[in-house]
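Participant: Return a 3D structure for these sequence lines:
(chains A, B, C and D)
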2 protein chains.
Amino acid sequence: MNIVEFAKTLNLSIGTVSRALNDRAEVSPKTRQLVLEKAEELGFVRNANARRLVTGRNYMIRLECPYSTHILSDRYLVELARGVEEVAGAHGYDLLLHLGTRRSNAVEVQDVDGLVIVAGPETTSDDLRTLTHAGQIPAVVISGAAPLEFPKAAFVSLDTLPGVREALARLAELGHTRVGYIGSGLSDDRVRDNFPRLMAEVGLTYDPTLSLEAGISADEGRKAALALLSSVEPPTALFARTDILATGAVLAVSQLEKSVPSDVSVIGHDNIEAAALVNPPLTTVDINIPDVAALAVRALLAMVIDKAEPTVQTLGAHLIVRKSCGPVRS
Amino acid sequence: MNIVEFAKTLNLSIGTVSRALNDRAEVSPKTRQLVLEKAEELGFVRNANARRLVTGRNYMIRLECPYSTHILSDRYLVELARGVEEVAGAHGYDLLLHLGTRRSNAVEVQDVDGLVIVAGPETTSDDLRTLTHAGQIPAVVISGAAPLEFPKAAFVSLDTLPGVREALARLAELGHTRVGYIGSGLSDDRVRDNFPRLMAEVGLTYDPTLSLEAGISADEGRKAALALLSSVEPPTALFARTDILATGAVLAVSQLEKSVPSDVSVIGHDNIEAAALVNPPLTTVDINIPDVAALAVRALLAMVIDKAEPTVQTLGAHLIVRKSCGPVRS
DNA sequence: CTGTTAGCGCTTTCAC
DNA sequence: GTGAAAGCGCTAACAG
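Facilitator: Sure, this is the predicted structure:
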């Protein structure tokens, strides 16, 4: 059924019906209600493509993950998609997905109303220019680093440093003074670079001999922890750059016939799925992805609907407290 | 630029241009080439919404995950989406995502050309009826169980049993005769229910006293393995229903001062991300999701494009061999 | 407040 | 092989 037939059964003109359906002010309340009720009853739904054609609006936003695997874990990606869908859907917008493996089906300006771009470390402002058709398509970019030089897009920067700081503050509170650091071996790492400063800020003194770059696997984490814990004056707490490394560190502790958290406290980073299922459940630094999604979509829809200026925002991580930290052994 | 302007610059009628762009036979080769070249040069792209309106085709398929978290892990979900996007994109179809938290933005018949439905254990044929508008929208459903009673949809059933069988065959080959089973504690589990039969099929005898229902966490897996390995005649190999349980089992082995795989072999199930990063890397049963995606989308597009009948297919799991299995200790 | 009408940009008959 | 013209179903501007 189309709007002509539908209007006919109501003895109204298509104009009136359209206005009622669009919630326009110029319709009398009774008419509006009648239309809405009858539409529900007869199952009339407007043809979205006709609306899109005539209004130039697509009621569609597209999630772009040009380098997906490099930035967000799958868990984060799914949560982000869910969050974006949630708040975009509440405003009547659907979610198109582009995981970025294919170059071919690039967006055209007319196809979507806005873009949520997940930027990786390698994303450049040129990429953004291409993706947004030189800023013609409203966009918000979510990035782990500082905003790129691209004033036409809104930015939501993720910053895990506040969470790391929270972690260290907690350790300090629990009486720890010797805190080890197990790194992921990346050449460029904000967390590692700011670790000494963060230590100082919570009143801890940073000891470079307690810092080791491990790698990516749990086993590398285990070995690093082993090395650290075997030193003359071993740390009483370990901060691991990733949860995977942290699980390795936990292994190392039990290998030394000690236990977490009574002998050694361990804190991870990323809150991967397994972090809660390990023994003991891992205290870890986490970014609240639903918050990220909400922030991003709101910024985007403000641009799309209200023609607002692009904004730049930052969202900090938090510490998820579970069971892998305890007071320092006296 | 629209097709009228574009046609004007070519001194052709819009009809001819449209036919050329649609690769219709009635256009002369030279004209077609001219049109294609100029379109590329001037950056002319047809308005998708106008095409959709007039053709009734959306070039869009929608991925429905009504109960996402219950069936597929996030890794599987992302891989599935990527796979679906890949092959659908190759045919010019875009991917809409519906993670199923919101009831409101349900699909209308006119909005998409087809549905890829990820079914959970709780999905009923009534759900399928609703989702597909009583079969009006072509759909393929991906499910872990047997196909539901809904003849209008195509099905791709996943069956991990072949992979489990492969795992047991390998264990048998390595000389193991006492194989323990660590279950996930679910009331209804195809793997557990078929485990004894599969054992028999590869020439192993199933011993119920070597079978324990653990739970979901690594620690429950550790405890179950500990119990199994402490029995009078302990198993030499452990099959864990999930990788999480398997990592717990590995822990138990080292806790008993033994090692994997030289003293005890361990096999997991699911191939979670962490499975490769653990020490030793876990041999595990995996479903090839890109294959699932390709199978599903091809079945769907056959229905959409060629009006083919819905098909019913099954895809089996495979064993991913890593380092957690070895020959039985002599 | 409601009805009428002109497009939105394209595909697809129907002529030639 | 190409051009002209009739819609696809809707919104929005314009009358009344």
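Participant: roughly how far apart are whichever residue of the stretch 101-250 of chain A sits closest to chain B and DNA strand C?
Facilitator: Closest to chain B within the stretch 101-250 of chain A is A:Asp219: 3.8 Å, counting by CB to the nearest CB. C-beta: built from backbone N, CA, C; applies to glycine. Look at A:Asp219 and DNA strand C: by CB to the nearest atom of the strand, to the nearest Å, they are 56 Å apart.
Participant: So which elements touch the helix or strand that contains that residue?
Facilitator: Taking DSSP states H and E as the criterion, A:Asp219 maps to helix A:218-229. Identification of packing neighbours for helix A:218-229 by 3 or more CB pairs under 8 Å, 6 or more residues apart in numbering or on different chains; DSSP states H and E yields strand A:179-183, strand A:211-213, strand A:237-240, helix A:243-255.
Participant: Which one, of those, ends up nearest to DNA strand D?
Facilitator: helix A:243-255 (48.5 Å; CB to the nearest atom of the strand).
Participant: got the angle for the next helix or strand after the closest one vs helix A:218-229?
Facilitator: Per DSSP H and E, the first helix or strand lying C-terminal to helix A:243-255 is strand A:265-269. In terms of direction (axes from the mean of the first three to the mean of the last three CA atoms, to 10 degrees), strand A:265-269 departs from helix A:218-229 by 140 degrees.
Participant: show me what contacts the closest residue to A:Ile3 other than its chain neighbours?
Facilitator: Of all residues not flanking A:Ile3 in the chain, A:Ile14 sits nearest, at 5.1 Å (CB to CB, 6 or more residues apart in numbering or on different chains). Counting by CB atoms under 8 Å, 6 or more residues apart in numbering or on different chains, A:Ile14 touches A:Ile3, A:Val4, A:Ala7.
Participant: any chance you could map the strands in the stretch 101-250 of chain A?
Facilitator: A:114-118, A:139-143, A:154-159, A:179-183, A:211-213, A:237-240 (DSSP state E, counting those that start in this stretch).
Participant: which residues sit against the shortest one?
Facilitator: Read it as strand A:211-213. By CB under 8 Å, 6+ apart, strand A:211-213 touches A:Gly180, A:Tyr181, A:Ile182, A:Gly183, A:Ser184, A:Gly185, A:Arg192, A:Phe195, A:Ala224, A:Ala227, A:Leu228.
Participant: for chain A, what helix or strand is lowest in average pLDDT?
Facilitator: helix A:68-71 (a mean of 51; mean pLDDT, DSSP states H and E).
Participant: right, and the helix or strand after that one?
Facilitator: Next along the chain from helix A:68-71, counting by DSSP H and E, comes helix A:74-90.
Participant: Can you give me the buried ones in that next one?
Facilitator: Neighbour-count burial for helix A:74-90, with 16 or more other CB atoms under 10 Å in any protein chain shown as criterion, is recorded at A:74-89.
Participant: Now do the residue of the stretch 101-250 of chain A closest to chain B, the pLDDT please.
Facilitator: Per-residue confidence (pLDDT) for A:Asp219: 86.
Participant: got the contact list for it?
Facilitator: A:Gly248, B:Leu277, B:Val278, B:Asn279.
Participant: who wins for most neighbours among the contacts of strand A:211-213?
Facilitator: Neighbour tally across the contacts of strand A:211-213 (other CB atoms under 10 Å in any protein chain shown): the maximum, 32 neighbours, falls on A:Ile182.
Participant: now the helices: where do they sit in the stretch 1-150 of chain A?
Facilitator: A:3-10, A:14-21, A:29-42, A:48-55, A:68-71, A:74-90, A:125-131 (DSSP state H, counting those that start in this stretch).
Participant: According to the record, where do the domains of chain A fall?
Facilitator: If you go by automatic domain parsing, the domain ranges for chain A are A:3-55, A:60-158+A:288-315, A:161-287.
Participant: want to throw these into CSV with distance to B:Asn49?
Facilitator: CSV is the format used below for the domains of chain A (distance: least, CB to CB, whole Å):
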stretch, distance to B:Asn49
domain A:3-55, 4
domain A:60-158+A:288-315, 7
domain A:161-287, 36
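Participant: Out of these, name the one with the poorest average pLDDT.
Facilitator: Looking at those, the bottom one is domain A:60-158+A:288-315 with a mean of 87.
Participant: Please name the residues that touch A:Leu319.
Facilitator: A:Leu319 neighbours (CB under 8 Å, 6+ apart): A:Gly163, A:Glu166, A:Ala167, A:Arg170, A:Ile267, A:Thr283, A:Thr284, A:Val285, A:Asp286.
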